[in-house]
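1. can't give you the sequence, but here's the structure:
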């Protein structure tokens, strides 16, 4: 059971977010919620010195409400890793560009131009991720360039990635078989 900073969550009414196709029995919903809260508590203990204070109850409560539903959790994870892959590909292209033009006398101008394009790509990826998470109604996600807001958004993503979905999203069928 969560204690301390998350104790307020156990008493909170858990409501099903609209637009969620997944129907959960109350017991399963509560079990998932408690499991997520335990991960959140561990995450906050690890981050309390540096950034844990940025995740307030007004962020955590709606975030946990959203993560109870596997479809939302899965979409967040899938989108995040797609974004990471695109960033890595853009970074690799930049490295190839640098190797290709290493001896070019106009290298500085070309690097400046290429880096501007690379930065635009990174900004586009960030804005796309912010829009996707905003559509999923993940707290604090909106399209912004504010470094403080982006820091909180990244912390929320780190928290979501910290959660082990294999321990959250399974149910035991009448036959005793476990499904995800």
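-> Now that the structure is in, tell me what you want to look at. Predicted model, so just to flag it, every value in this text is computed and none were measured.
2. how close does the closest residue to residue 115 other than its chain neighbours sit to residue 127?
-> The shortest distance from residue 115 to any non-neighbouring residue, by CB to CB, 6 or more residues apart in numbering, is to residue 94 (7.5 Å). For glycine as for every other residue, the C-beta is placed from the backbone atoms N, C-alpha and C. For residue 94, the distance to residue 127 equals 20 Å [CB to CB, to the nearest Å].
3. quick one: which of these two has more around it?
-> Comparing residue 94 with residue 127 by other CB atoms under 10 Å, the one with more neighbours is residue 94, at 16 against 13.
4. check contacts around that one.
-> Neighbouring residues of residue 94 by CB atoms under 8 Å, 6 or more residues apart in numbering: 114-115, 118.
5. ok, now residue 141?
-> Applying CB under 8 Å, 6+ apart, we find residue 141 in contact with 130, 133-134, 153, 156.
6. Let's have those residues in JSON lines, adding distance to residue 145, pLDDT and secondary structure.
-> What follows is the contacts of residue 141, written out as JSON lines (distance: CB to CB, whole Å; pLDDT from 0 to 100; DSSP: H, G, I helix; E, B strand; the rest coil):
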{"residue": "130", "distance to residue 145": "10", "pLDDT": "90", "secondary structure": "helix"}
{"residue": "133", "distance to residue 145": "16", "pLDDT": "86", "secondary structure": "helix"}
{"residue": "134", "distance to residue 145": "15", "pLDDT": "88", "secondary structure": "helix"}
{"residue": "153", "distance to residue 145": "11", "pLDDT": "91", "secondary structure": "helix"}
{"residue": "156", "distance to residue 145": "17", "pLDDT": "90", "secondary structure": "helix"}
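7. from the residues you listed, which is closest to residue 46?
-> Closest approach between those and residue 46, by CB to CB: residue 156, at 14.9 Å.
8. Run through the residues that contact that closest one.
-> 55, 59, 63, 138-141.
9. Among these, which ones are in helices?
-> Mapping the contacts of residue 156 onto helices (DSSP state H) picks out 59, 63.
10. Which one of the contacts of residue 156 is nearest to residue 41?
-> Each of the contacts of residue 156 was scored against residue 41 by CB to CB, and residue 55 proved nearest at 11.1 Å.
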